[in-house]
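Chemist: prediction below, plus the sequence it came from.
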Amino acid sequence: MTKNNDISIVILAAGKGSRMKSNKAKVLHNLCGKPMLYHVIKSSQEISDDINVVVAHQKDAVITEMNKYFNNINFVIQDADNFPGTGGAMKNVSPKNNTVLILNGDMPLITSDSIKAFLNIESEIIMSIFDLTNPDGYGRVIIENGEVQKIVEQKDATKDELSVSTVNAGVYAFSKKTLQKYIPLLDNNNAQKEYYLTDVISMAKNDNLKIVPLLVDENNFKGVNSKKDLSEAEVIMQDRIKDKWMQNGVIMQLPSTIYIEESVTFEGECLIENNVRITGNTIIKNSHIKSSSVVEDSNIIDSDIGPMAHIRPSSIIKDTHIGNFVEVKKGILNGVKAGHLSYLGDCEIDNGTNVGAGTITCNYDGIKKYKTTIGKNVFIGSDTQLVAPVTIEDDVMIAAGTTITSGTVRKGSLAISRTKLRTIKDFYYKFFGKQNG
């Protein structure tokens, strides 16, 4: 999408979000793997190069978190003690361009296409609206003859005004000169003693400025004010993410049971079965992820995973079969078979190796973690423990029940460590006879 060099975007992200019932700033609550505010900024950057984010509550945490993802954001500190509210948030903002689009940091479902609609209307003021069956919690919008007459916050609305179902969706486009004129005139003579951005509408209306309402899709402009809202927004975003990848050729079985984060990508022919969870910067290429498996921040290439497998972060799995109840953590596996019931952590395993059931790379001594390196064509018998650091060279057989504690097993060897079998005749009868006697 081509950016509009005459548009500035302001994102209001200063609020506490008390209805979230959390010590975390509202805009930092995650949606599909990223903070809500991240999604708003990402969509905004597709429209404009002048992005201004207004912060106050936990401002340092918000700025630090957003700087992990973006490097060209202008953060504006709101003097929330002296100038609370949405109008107060605009007092220190200095947008560069002639049109100023004002968004909210708790509207993570907003898309670049949905906000682009504001740019197709010629007016000093454009405000978003939608009609709700239950408008509780929203400011009411009074419209006559196709123009906005006024906005009333729910806290200040009369009984008749509360019966109106047209509500303020909370997104506006102003000319910069309109903001420069009216923002300094705002006062806090209202029930909440806050400076309302919506008062600009009433002042502009008194001066006979035309205020154009723009009907928008609630699914794009849904505000998140509670954890219930957060869960509902996540369902919508999950549907978008999965729809996108299915349109691009990924097969998903019972997609409503699958969770895929925003940062995950797919390439080639992929099949994702039910109850799968895929997170982080994961890349799935030409692979089959079977039911109830979890893949975190890893690369899966030309492989099948699961069912009920767990691929933990920083793993690279290629041309490999990972079976049920196998856990891989920070493992590089190339051309490997690990059919079931194994833990492979901090390891590198090469082509042709077969990992038997119950195999464990013992990578942690309580203080440090160590690496296990396994070469090509190694056959690892069931119930094997590899106590890292250890190296298994190519063409090695490891007998079932073996524990390898250190060093290197040389190419072509058989490694075996078992105690000699002892049998004691009639011990069963003697033992239980004594117990019962």
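Modeler: Received, thanks.

Chemist: may I have the phi/psi pair for residue 93?
Modeler: phi -90, psi 130 (degrees, to the nearest 10).

Chemist: show me what contacts it?
Modeler: By C-beta atoms under 8 Å, 6 or more residues apart in numbering, residue 93 lies in contact with 10, 52, 54, 76. In this view, the C-beta of every residue, glycine as well, is placed from N, C-alpha and C.

Chemist: the third one belongs to a strand?
Modeler: Looking back up the chat, that one is residue 54. Yes - applying DSSP: H, G, I helix; E, B strand; the rest coil, one finds residue 54 inside a strand.

Chemist: thought it was touching residue 15?
Modeler: No - using C-beta atoms under 8 Å as the test, residue 54 is too far from residue 15 to be in contact (9.7 Å).

Chemist: which strands and helices lie in contact with the strand or helix carrying residue 113?
Modeler: Using DSSP states H and E, residue 113 falls within helix 112-116. Applying 3 or more C-beta pairs under 8 Å, 6 or more residues apart in numbering; DSSP states H and E, one finds that helix 112-116 contacts helix 36-45.

Chemist: and with 6 Å instead?
Modeler: Secondary-structure packing of helix 112-116 (3 or more C-beta pairs under 6 Å, 6 or more residues apart in numbering; DSSP states H and E): no helix or strand packs against it.

Chemist: any figure for the gap between residue 79 and residue 55?
Modeler: Separation of residue 79 from residue 55 (C-beta to C-beta, to the nearest Å): 12 Å.

Chemist: so which residues of the stretch 101-250 of the chain form helices?
Modeler: Counting by DSSP state H, counting those that start in this stretch, one finds helices in the stretch 101-250 of the chain at the ranges 112-116, 159-162, 176-182, 199-206, 218-221, 227-247.

Chemist: export these to CSV and tack on distance to residue 412, mean neighbour count and mean pLDDT?
Modeler: Formatted as CSV, the helices of the stretch 101-250 of the chain follow (distance: least, C-beta to C-beta, whole Å; neighbours: other C-beta atoms under 10 Å; pLDDT from 0 to 100):
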stretch, distance to residue 412, mean neighbour count, mean pLDDT
helix 112-116, 60, 18, 92
helix 159-162, 83, 11, 88
helix 176-182, 77, 17, 96
helix 199-206, 81, 19, 91
helix 218-221, 63, 18, 92
helix 227-247, 46, 15, 98
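
Chemist: thinking again about what came up before, contacting residues around the helix holding residue 113?
Modeler: With C-beta atoms under 6 Å, 6 or more residues apart in numbering as the test, helix 112-116 has contacts from 1, 43, 46-47, 220.

Chemist: can you check stretch 220-232 too?
Modeler: Residues outside stretch 220-232 that contact it (C-beta under 6 Å, 6+ apart) are 19, 29, 106-107, 109-111, 114, 169, 233.

Chemist: low pLDDT regions in this structure?
Modeler: For the chain, the stretches with pLDDT under 70 are 1-5, 434-437.

Chemist: domain assignment for it?
Modeler: 7-221, 227-415 (automatic domain parsing).

Chemist: span of the longest one from start to end?
Modeler: One end of domain 7-221 to the other measures 19 Å (C-alpha to C-alpha, to the nearest Å).

Chemist: off-centre distance for that domain?
Modeler: Mean-position distance between domain 7-221 and its chain equals 23 Å (C-alpha atoms, centre = their mean, to the nearest Å).

Chemist: repeat that for the last one.
Modeler: The gap between the average C-alpha position of domain 227-415 and the chain average comes to 21 Å, counting by C-alpha atoms, centre = their mean.

Chemist: use 198 as the first number from now on
Modeler: I'll keep to 198 as the first residue from here, and by that count the last item is domain 424-612.

Chemist: any of the contacts of helix 309-313 buried? List them.
Modeler: Taking 16 or more other C-beta atoms under 10 Å as the criterion, what is buried in the contacts of helix 309-313 is 240, 244, 417.

Chemist: what's the closest of those residues to residue 497?
Modeler: Using C-beta to C-beta, residue 240 is the member of those that sits closest to residue 497, with 28.5 Å.

Chemist: gap between the nearest residue to the closest one once chain neighbours are set aside and residue 315?
Modeler: Spatial nearest neighbour of residue 240, excluding adjacent residues (C-beta to C-beta, 6 or more residues apart in numbering): residue 309 at 4.7 Å. Look at residue 309 and residue 315: by C-beta to C-beta, they are 11 Å apart.

Chemist: kindly report the same for residue 327.
Modeler: Relative to residue 315, residue 327 is positioned 14 Å away (C-beta to C-beta).

Chemist: what's the span of stretch 550-565, first residue to last?
Modeler: End-to-end distance (C-alpha to C-alpha), stretch 550-565: 27 Å.

Chemist: which outside residues touch that stretch?
Modeler: For stretch 550-565, the external contacting residues (C-beta under 6 Å, 6+ apart) are 533-535, 537-544, 566-567, 569, 571, 575-585.

Chemist: narrow those residues to those in strands?
Modeler: Within the contacts of stretch 550-565, residues falling in strands by DSSP state E are 534-535, 537-544, 569, 571, 576-577, 582-584.

Chemist: for PyMOL, what selects the buried ones among those residues?
Modeler: To isolate the buried ones among the ones in strands among the contacts of stretch 550-565 in PyMOL, judged by 16+ other C-beta under 10 Å, type:
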select buried, resi 535+537+538+539+540+541+542+543+544+569+571+577+582+583+584
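
Chemist: the strand or helix carrying residue 519 - contacts with which helices or strands?
Modeler: For residue 519, the host element (DSSP H and E) is strand 518-531. Packing partners of strand 518-531 (3+ C-beta pairs under 6 Å, 6+ apart): strand 513-515, strand 534-546.

Chemist: touching it from outside, list them.
Modeler: Contact partners of strand 518-531, identified using C-beta under 6 Å, 6+ apart, comprise 501-502, 504-509, 511-515, 517, 534-548.

Chemist: what of stretch 259-278?
Modeler: 211, 222, 225, 232, 235, 238, 248-253, 286, 289-290.

Chemist: which of these are buried?
Modeler: Among the contacts of stretch 259-278, those classed as buried by 16+ other C-beta under 10 Å are 211, 222, 225, 232, 235, 238, 248-253, 286, 290.
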